[in-house]
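Enquirer: mind folding the following:
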Amino acid sequence: MNANKAKQKKILIVEDEAILAKSLEDSLISMGYAVTGIADSGIKAIMLFFSTEPDLILMDIRIKGAKDGIEVADNIRQQKTVPIVFLTANQDPATFERAKIEGAYGYVLKPYQERELQIVIEIALNQFEMQKKKSELEMALLNAEKLGTIGSLSAGIIHDINAPLSNIYASLDLIYKNIKQLDLANDPKLTKSLNKIEKGAKAIKSTVQNYRGMIDKNENEERIMINVKNICKDAFEICSYLTSEKKIKFIELNSSPDSYVFFGKVSLFQVLVNLIRNASDAIENLPDPWIKITWEDLNAKFLKLLVIDSGTGIPENIREKIFDTLFTTKEPGKGTGLGLSLSKIILDKYGGKIELDNNYPNTCFVLTLPKEKIN
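Expert: Numbering: from 1, shown residues only. Okay, the predicted model is just below:
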């Protein structure tokens with residue numbers, strides 16, 4: 001590990017011999033590491049670990065207190081994953097056997113050699129990073145498998161919806177023909193009821209078509225010039241049930257300019273619907289819930305579109321996770337954790353991006369959309 005990389009790594013020293021602890025600190029600093037603290041007991045080690053969050057612990061096995069270094073390391077590892085390198089003057093096989101806990105990435109015998117110490121630390125940090133990447137890959141593969149299962153199930157659900165939907169359209173046609181024959185076309189109550197049925201059926205059909213486009217992963221969806229105002233109105237329209245069901249206000253787009261982006265129409269529609277529905281779930285219990293969409297030209301190539309709601313933002317501790325596949329803060333049965341991750345995948349595919357604006361006073365997602373073909 002070179003000096004620049006080493007400076008980025010923080011190490012906690014747990015050693016009850018003051019002279020040796022100071023010597024270790026000097027050695028680590030000369031190697032380019034940052035020392036977050038020195039603990040001489042298990043309690044102090046635990047307190048320093050959680051307050052300073054080191055990248056590695058250099059742990060003496062024999063320390064002050066009721067617990068030795070192996071027990072303290074085990075306590076820490078149960079709370080948070082961290083690489084640990086043990087220091088010991090005891091070469092007893094039984095001690096080494098006890099020290100084979102998860103997270104023990106190396107051992108250094110006292111009196112230590114500085115070069116030996118550096119090599120063990122470098123190996124420990126590298127092994128930890130490799131293990132972390134392996135875990136992330138395994139999780140990604142698991143999520144991909146889950147997505148495939150969800151896609152298969154959704155395809156079956158869509159098929160089940162389309163069958164009765166076809167019957168609804170056929171029945172509407174028959175009713176309209178009978179109305180004309182019975183001279184009931186001017187009955188306002190009947191006409192209003194039928195219009196509601198037809199509008200609801202169209203909304204279901206549109207939603208099904210959009211989800212089918214997502215499930216099929218249509219890589220060849222035609223990119224066209226899309227009127228931003230029109231597609232935003234369509235997205236609000238498909239989510240209009242939220243205005244009555246959850247009493248959420250959609251702020252009108254009448255004053256917004258007519259702008260165009262070069263995108264897949266179904267895909268952009270799906271992103272907007274995902275964001276509107278996510279926002280509605282987050283703010284439904286607020287006293288005056290509202291959602292608005294606004295946009296402006298960034299430059300000749302890109303347009304910036306903001307989806308804003310009346311919430312006060314996303315907690316800092318989960319901001320980095322919100323675009324992860326299947327991550328959700330909703331109760332079981334109320335969310336899949338797919339909306340934001342799929343939206344990010346779509347934006348990436350079309351040369352755009354989605355970000356959370358942490359400086360905006362309300363919850364604000366920023367979409368960067370191409371206005372022309374991106375090679």
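
Enquirer: got the residue ranges for the strands in the stretch 101-250 of the chain?
Expert: Taking DSSP state E, counting those that start in this stretch as the test, the strands found in the stretch 101-250 of the chain are 104-109, 223-227, 249-250.

Enquirer: pLDDT averaged over the shortest one, what's the number?
Expert: Model confidence over strand 249-250, given as mean pLDDT, is 90.

Enquirer: contact partners of it?
Expert: 236, 239-240, 242-243, 288-292 (Cβ atoms under 8 Å, 6 or more residues apart in numbering). To be clear about C-beta, it is placed using only N, CA and C from the backbone, and glycine gets the same treatment.

Enquirer: which of the strands of the stretch 101-250 of the chain sits most buried?
Expert: strand 104-109 (a mean of 18; mean count of other Cβ atoms under 10 Å).

Enquirer: what's that one packed up against?
Expert: strand 84-88, helix 114-181 (3 or more Cβ pairs under 8 Å, 6 or more residues apart in numbering; DSSP states H and E).

Enquirer: low-confidence ranges in the stretch 201-350 of the chain?
Expert: In the predicted model of the stretch 201-350 of the chain, residues 206-207, 209-220, 254-255, 325-339 satisfy pLDDT under 70.

Enquirer: would you map the helices across it?
Expert: 228-238, 241-245, 265-283, 339-349 (DSSP state H, counting those that start in this stretch).

Enquirer: could I get the ones you listed as a markdown table with mean neighbour count and distance to Asn299?
Expert: As requested, these are exported to a markdown table (neighbours: other Cβ atoms under 10 Å; distance: least, Cβ to Cβ, whole Å):
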| stretch | mean neighbour count | distance to Asn299 |
| --- | --- | --- |
| helix 228-238 | 19 | 16 |
| helix 241-245 | 13 | 34 |
| helix 265-283 | 22 | 19 |
| helix 339-349 | 19 | 18 |
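
Enquirer: from Lys196, how far out is Val14?
Expert: 70 Å (Cβ to Cβ, to the nearest Å).

Enquirer: of the two, who's got more company?
Expert: Val14 (30 against 10; other Cβ atoms under 10 Å).

Enquirer: what's near enough to touch the more buried one?
Expert: 38-40, 45, 57-60, 63, 69, 72.

Enquirer: what sits opposite Phe86 in the beta ladder?
Expert: Using DSSP bridges, the beta-bridge partners of Phe86 come out as Met59, Tyr107.

Enquirer: tally of neighbours for it?
Expert: Quick note: Phe86 (other Cβ under 10 Å) scores 24 neighbours.

Enquirer: what do you get for Met130?
Expert: 10.

Enquirer: break this protein into its domains for me.
Expert: 3-112, 141-217, 219-375 (automatic domain parsing).

Enquirer: now these in a markdown table, with distance to Leu125?
Expert: Below are the domains of the chain laid out as a markdown table (distance: least, Cβ to Cβ, whole Å):
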| stretch | distance to Leu125 |
| --- | --- |
| domain 3-112 | 6 |
| domain 141-217 | 25 |
| domain 219-375 | 22 |
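
Enquirer: so which of those domains is nearest Lys132?
Expert: domain 3-112 (8.0 Å; Cβ to Cβ).

Enquirer: off-centre distance for the closest one?
Expert: 33 Å (Cα atoms, centre = their mean, to the nearest Å).

Enquirer: tell me how many other residues surround Asp324.
Expert: 16.

Enquirer: state the distance from it to Ile318.
Expert: 10 Å.

Enquirer: what sits against Glu53?
Expert: Contacts of Glu53 by Cβ under 8 Å, 6+ apart are 10, 36.

Enquirer: mind putting the contacts of Val14 into a markdown table with secondary structure?
Expert: What follows is these, written out as a markdown table (DSSP: H, G, I helix; E, B strand; the rest coil):
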| residue | secondary structure |
| --- | --- |
| Ile38 | strand |
| Ala39 | strand |
| Asp40 | coil |
| Ala45 | helix |
| Ile57 | strand |
| Leu58 | strand |
| Met59 | strand |
| Asp60 | strand |
| Ile63 | coil |
| Gly69 | helix |
| Val72 | helix |
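
Enquirer: list the buried residues for stretch 58-78?
Expert: 58-61, 63, 65, 67-74, 76-77 (16 or more other Cβ atoms under 10 Å).

Enquirer: ends of it, how far apart?
Expert: 17 Å (Cα to Cα, to the nearest Å).

Enquirer: for it, which outside residues touch it?
Expert: Counting by Cβ under 8 Å, 6+ apart, residues outside stretch 58-78 touching it are 11-17, 24, 28, 39-43, 45-46, 49, 57, 82, 84-90, 95, 98-99, 101-104, 108, 121.
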